[in-house]
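In: The following comprises the amino acid sequence and a computationally predicted model.
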Amino acid sequence: MWTVRRLREASLGTQLFALQMVIVILAVGGTAGVWAEHTRNQLDALHQQRALAIAQSVAALPEVRAAFELERPETVLQPLAMSVQHETGADYVVIANTEQKRYAHPNAALIGRQLSTDGTAVLRTGRSWVGTETGTIGTTVRGKTPIRDEYGNVIGLVSVGVLETTVVGQLGAALPPLVWTAAAVLLAGLGLAALITARVRRQTFGLEPREIAALLEQREGVLHGVKEGVLALDLAGRVTLVNDAARELLGDVPIGPGEDLTRLPVSDRMRDVLGGADPGADRVVLHGERVLVLNRTPVSVRGQHRGWVVTLRDRTELVRLARELDDTSSATEALRAQAHEFANRMHTVVGLLELGEHEAAVGYITRSTGGSYAADLRERVQDPTLAALLLAKSAEAAERGARLVLSDDSAVPPGLLGDPQDAVLVVGNLVANAIDALDGAEGTIEVSVQADAGGLRVRVGDSGPGIAPDLVEEVFREGFTTKAAQSGPRGLGLALTRQACLRRGGWVRVNNSGGAVFTALLPARTRP
């Protein structure tokens, strides 16, 4: 009990070593016992067949048959039996008649007496028999066979045997090689057990099971407690670890340990970032209605590359706030430009009045207020949020050397948009993309916004270089951009536009007509 308690309290390496040695000892001992038993059975069978062969040879001798016709058969059979026993190395050769009285026996005093073992089966059936029995000289492995006369009648039997002590002696002579072999196997098992124990200690960094369990619990707690999503991938691209935050960010994607990256139902863009086809830091990916930022970092253990860890951060709210801030900045710039223009007009009016040109001042004021672009825009686009956005984009385009024109067919009645968030996103991104396409050069941006089947149809065209035919679908993929490298995520505006349209059951397309022309349909309500 004390030893078992000490073993339970021992280190993991000691327990493994002891367990392996017990297994080796049991295996070697069991194998040696089976080998010894098998060898003993083989020796028994060998001596039985040998004894039977000697008995059959004696029974077939003519002088044995002839001796049974004599008045005293033992005078012939006893010397013959002793001679055979001496020549063959058998421990006894016994000859008896059908009444089982001995005519030959190693102990001459027993001649004429009844057999100590029953030979009725051999005499009655006339068949030979082999087995182990205990007689006057001890336990022997023996064989018995009938003696027949010239007519085939059974007239007696011959019994030949070898003492069990002789068999055991032969088995003992074969044991030393077995003992040496078992000892060699034990030593080899000892060495292998020591090597395995040392390897386990290296692989577990010398930690005990309770320490490993504590580390695992801490890792699980930290992993599932962080707000960032964490994905671990092995060298084959299979998921080995995923935390709760990653599952939440990926939504309905069935992801878990063992999943193959190439079979995940995610966009090509996300698969490229996860698989390393699009390397770099802070890669922006659209997934459902979320804007995710992914970072893929290699993992090395003891100087060997073992896989990658991908972190996922949700920037949906940040992108929305940044877009709102951009819209607010554009509106502020538009107001600043209008204030500057109004101040210039007021200075002109004041100057005309000081010069006494009253009629000229009145005419100037009439002309300045009669064709206001803002008033015309507000009259056509009666949704205040969308009208403010177009006014701000018009001012932004003017500051960058372009001119934004609202088409004559534009008409947005009040109450059409309901929540204008998606409409502002679509129109704002398409106009911003058109302004960027002109790249500061003088040009015209024509915008058309009108009601269509209860929704909003948007058309934005520019006088820029247009879109290459092989890129008409590629421009809507997140991460795609033709702009020079800048800080912050690029290639996101058109992808968000397409996402918003598809979410409501609409569409967005692009074609070239003197420049790029983007057309989008944004239904008023979401359809499956």
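Out: Cool, the structure landed.

In: Give me the neighbour count for the residue nearest to V226 when sequence neighbours are not counted.
Out: Of all residues not flanking V226 in the chain, A245 sits nearest, at 6.5 Å (Cβ to Cβ, 6 or more residues apart in numbering). Using the backbone N, CA and C atoms, a C-beta is placed for each residue, glycine as well. Using other Cβ atoms under 10 Å, A245 has 20 neighbouring residues.

In: so A245 is in which element?
Out: Here A245, judged by DSSP states H and E, is contained in helix 244-250.

In: next one: A520
Out: Residue-wise, A520 maps onto strand 516-522 under DSSP H and E.

In: hmm, back to that, how about the CA coordinates for the helix holding A245, as PDB?
Out: C-alpha atoms of helix 244-250 as PDB (Å, rounded to 0.1, in the frame of the first residue of the first chain):
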ATOM      1  CA  ASP A 244     -16.200  31.900 -29.300                       C
ATOM      2  CA  ALA A 245     -15.600  35.400 -30.600                       C
ATOM      3  CA  ALA A 246     -14.500  34.100 -34.000                       C
ATOM      4  CA  ARG A 247     -17.700  31.900 -34.200                       C
ATOM      5  CA  GLU A 248     -19.800  35.000 -33.400                       C
ATOM      6  CA  LEU A 249     -18.000  37.100 -36.000                       C
ATOM      7  CA  LEU A 250     -18.300  34.500 -38.700                       C
END
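
In: show me the contacts for D149.
Out: Taking Cβ atoms under 8 Å, 6 or more residues apart in numbering as the contact definition, D149 lies against 65, 68, 155.

In: now, which of the residues you listed lie within helices?
Out: Taking DSSP state H, the ones among the contacts of D149 that sit in helices are R65.

In: could I get the contacts of D149 as CSV with pLDDT and distance to R271?
Out: Formatted as CSV, those follow (pLDDT from 0 to 100; distance: Cβ to Cβ, whole Å):
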residue, pLDDT, distance to R271
R65, 86, 98
F68, 86, 101
I155, 87, 98
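
In: residue ranges with poor pLDDT in the stretch 251-400 of the chain?
Out: Applying pLDDT under 70 to the stretch 251-400 of the chain flags the ranges 288-289, 316-345, 364-375.

In: element containing the residue lying farthest from the centre of the chain?
Out: Within the chain, E71 marks the point farthest from the mean C-alpha position, 93.8 Å out by Cα atoms, centre = their mean. Here E71 is covered by no helix or strand, with elements defined by DSSP H and E.

In: how near is it to Y151?
Out: 21 Å (Cβ to Cβ, to the nearest Å).

In: Can you mark which positions in stretch 27-42 are buried?
Out: Buried residues in stretch 27-42, defined by neighbour count with 16 or more other Cβ atoms under 10 Å: 28, 32, 40.

In: And V160, what's its pLDDT?
Out: The confidence metric pLDDT takes the value 90 at V160.

In: any idea how far G428 is from the nearest residue in space to R113 that is not next to it in sequence?
Out: What sits nearest to R113 in space, not counting adjacent residues and going by Cβ to Cβ, 6+ apart, is R102, at 5.9 Å. Plainly put, R102 is 125 Å away from G428 if you go by Cβ to Cβ.

In: Kindly report the same for R210.
Out: 59 Å.

In: who's more crowded, these two?
Out: G428 (23 against 9).

In: who touches the particular helix or strand that has the residue nearest to R113 in it?
Out: Using DSSP H and E, R102 maps to strand 102-104. With Cβ under 8 Å, 6+ apart as the test, strand 102-104 has contacts from 67, 73-74, 77-78, 80-82, 93-97, 110-115, 156.

In: Partner strands of it, with direction?
Out: Neighbouring strands of strand 102-104 in its sheet, by DSSP bridges, are strand 92-97 (antiparallel).

In: Please write out the alpha-carbon positions of the strand it pairs with in CSV.
Out: C-alpha atoms of strand 92-97 as CSV (Å, rounded to 0.1, in the frame of the first residue of the first chain):
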residue,chain,number,x,y,z
TYR,A,92,11.2,-49.4,-19.4
VAL,A,93,10.0,-52.1,-21.8
VAL,A,94,7.2,-54.3,-20.6
ILE,A,95,5.7,-57.3,-22.4
ALA,A,96,2.5,-58.9,-21.1
ASN,A,97,-0.1,-61.5,-22.3
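
In: Model confidence for the closest residue to L192 other than its chain neighbours, exactly?
Out: Spatial nearest neighbour of L192, chain neighbours left out: Q20 (7.7 Å); criterion: Cβ to Cβ, 6+ apart. Looking at Q20, its pLDDT stands at 76.

In: Which elements pack onto the helix or strand harbouring Q20?
Out: Using DSSP H and E, Q20 maps to helix 12-59. On a contact count with 3 or more Cβ pairs under 8 Å, 6 or more residues apart in numbering; DSSP states H and E, helix 12-59 meets helix 2-9, helix 74-88, strand 92-97, strand 129-135, strand 138-148, strand 154-163, helix 164-203.

In: how about 10 Å then?
Out: helix 2-9, helix 74-88, strand 92-97, strand 129-135, strand 138-148, strand 154-163, helix 164-203, helix 209-225 (3 or more Cβ pairs under 10 Å, 6 or more residues apart in numbering; DSSP states H and E).

In: Out of those, flag the one nearest D260.
Out: helix 209-225 (21.6 Å; Cβ to Cβ).

In: Mean confidence (pLDDT) on the closest one, please.
Out: Mean predicted confidence for helix 209-225 is 67.

In: from the middle of its chain, how far away would the helix or strand following that helix be?
Out: Next in sequence after helix 209-225, counting helices and strands by DSSP H and E, comes strand 229-234. Put simply, strand 229-234 sits 12 Å off its chain's centre (Cα atoms, centre = their mean, to the nearest Å).

In: From the contact counts, what lies against the very next helix or strand once past strand 229-234?
Out: Next in sequence after strand 229-234, counting helices and strands by DSSP H and E, comes strand 239-242. Applying 3+ Cβ pairs under 10 Å, 6+ apart, we find strand 239-242 packed against helix 209-225, strand 229-234, strand 304-314.

In: Okay, buried residues for the shortest one please.
Out: If you call a residue buried by 16+ other Cβ under 10 Å, then strand 229-234 has these buried ones: 229-233.

In: And for stretch 437-451?
Out: 437-438, 443-450.

In: Also stretch 355-366?
Out: A361.

In: Give me the distance from it to the chain's centre.
Out: Relative to where its chain is centred, stretch 355-366 has its mean C-alpha point 83 Å off (Cα atoms, centre = their mean).

In: Give me the residues contacting it.
Out: 345-346, 348-354 (Cβ atoms under 10 Å, 6 or more residues apart in numbering).

In: where are the low-confidence patches of the stretch 101-250 of the chain?
Out: The stretch 101-250 of the chain contains residues with pLDDT under 70 at 170-175, 178, 203-209, 211-225.

In: ok, 80 please
Out: 137, 165-186, 188-194, 196-231, 235-237, 240-250 (pLDDT under 80).

In: one step back: put together JSON lines for the buried residues of stretch 437-451, with distance to R283, pLDDT and secondary structure on each row.
Out: Formatted as JSON lines, those follow (distance: Cβ to Cβ, whole Å; pLDDT from 0 to 100; DSSP: H, G, I helix; E, B strand; the rest coil):
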{"residue": "A437", "distance to R283": "24", "pLDDT": "85", "secondary structure": "helix"}
{"residue": "L438", "distance to R283": "28", "pLDDT": "84", "secondary structure": "helix"}
{"residue": "G443", "distance to R283": "32", "pLDDT": "85", "secondary structure": "strand"}
{"residue": "T444", "distance to R283": "35", "pLDDT": "89", "secondary structure": "strand"}
{"residue": "I445", "distance to R283": "30", "pLDDT": "90", "secondary structure": "strand"}
{"residue": "E446", "distance to R283": "34", "pLDDT": "91", "secondary structure": "strand"}
{"residue": "V447", "distance to R283": "32", "pLDDT": "91", "secondary structure": "strand"}
{"residue": "S448", "distance to R283": "35", "pLDDT": "91", "secondary structure": "strand"}
{"residue": "V449", "distance to R283": "33", "pLDDT": "90", "secondary structure": "strand"}
{"residue": "Q450", "distance to R283": "37", "pLDDT": "88", "secondary structure": "strand"}
